[in-house]
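Asker: Can you look at this prediction? I've put the sequence above it.
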Amino acid sequence: MNTRTLAATILGVALAFSLWSAISQTAPVAGGGFAITLSKNNTVLVSDSDIRYYDASSHELRLTSECQARLESLGWRLSGDFKITVGGKQVLTDVIVPPIVSRSYDANQVVLLYPAHDMDYTTMKLQMGYPWDLSLALSSINPLDNALLVSHFKELGKLVQ
């Protein structure tokens with residue numbers, strides 16, 4: 001086996017392991033419940049079992065320690081467009097943003113800030129715009145005040161208001 005073939009084999013095995021690792025560390029598909037999914041590859045990041053509670057006033061999701069560890073290990077792969085579904089119905093969509101990014105987002109964009117609050121990996125925050133949450137400045141209906149989200153988490157006993 002020559003050097004190029006050996007290098008290609010090692011690279012192939014490393015790539016296959018990386019792909020397997022990324023897939024195996026994602027959350028199980030939420031069977032009709034709540035799910036936050038990466039749009040680029042339909043990876044379910046968060047489902048009902050990963051959430052300790054949803055605060056409807058601050059639009060924050062408090063995550064379990066298992067979910068926190070899984071998401072923290074994803075690192076740079078945890079970025080890009082997302083969608084939130086409840087009961088199979090898409091209720092919100094836009095972009096996941098780390099807490100320190102040099103780009104700003106308009107107030108009409110839904111931003112999923114993770115990790116939120118000084119690198120706190122237990123909290124995800126939905127907000128309008130970035131770096132400031134401009135949801136209170138919206139003159140129209142705030143898409144974060146979603147009745148389907150509220151009723152879903154209330155039904156599960158995971159709603160804080």
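Answerer: Received the coordinates, thanks. Residues are numbered from 1 along each chain as shown.

Asker: quick one: low-confidence ranges for this protein?
Answerer: Judged against pLDDT under 70, the low-scoring parts of the chain cover residues 1, 6-9, 11-31, 116-119, 134-141.

Asker: show me where it has strands.
Answerer: Secondary structure of the chain (DSSP state E): strands located at 34-38, 44-47, 51-55, 60-63, 80-86, 89-97, 105-113, 123-130, 159-160.

Asker: What's the local residue count around residue 159?
Answerer: Burial measure for residue 159: 16 neighbouring residues, criterion other Cβ atoms under 10 Å. Bear in mind the C-beta positions are built from the backbone N, C-alpha and C, glycine included.

Asker: about what we covered before: would you reformat the strands of the chain as JSON lines and include distance to residue 147?
Answerer: Written out in JSON lines, the entries for the strands of the chain read as follows (distance: least, Cβ to Cβ, whole Å):
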{"stretch": "strand 34-38", "distance to residue 147": "14"}
{"stretch": "strand 44-47", "distance to residue 147": "20"}
{"stretch": "strand 51-55", "distance to residue 147": "13"}
{"stretch": "strand 60-63", "distance to residue 147": "17"}
{"stretch": "strand 80-86", "distance to residue 147": "10"}
{"stretch": "strand 89-97", "distance to residue 147": "9"}
{"stretch": "strand 105-113", "distance to residue 147": "16"}
{"stretch": "strand 123-130", "distance to residue 147": "15"}
{"stretch": "strand 159-160", "distance to residue 147": "12"}
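
Asker: Of all the ones you listed, which one is nearest residue 146?
Answerer: Taking Cβ to Cβ as the criterion, strand 89-97 is the member of those that comes nearest to residue 146, at 5.3 Å.

Asker: Just checking: what are the partner strands of that closest one?
Answerer: Using DSSP bridges, the neighbouring strands of strand 89-97 in the sheet come out as strand 80-86 (antiparallel), strand 105-113 (parallel).
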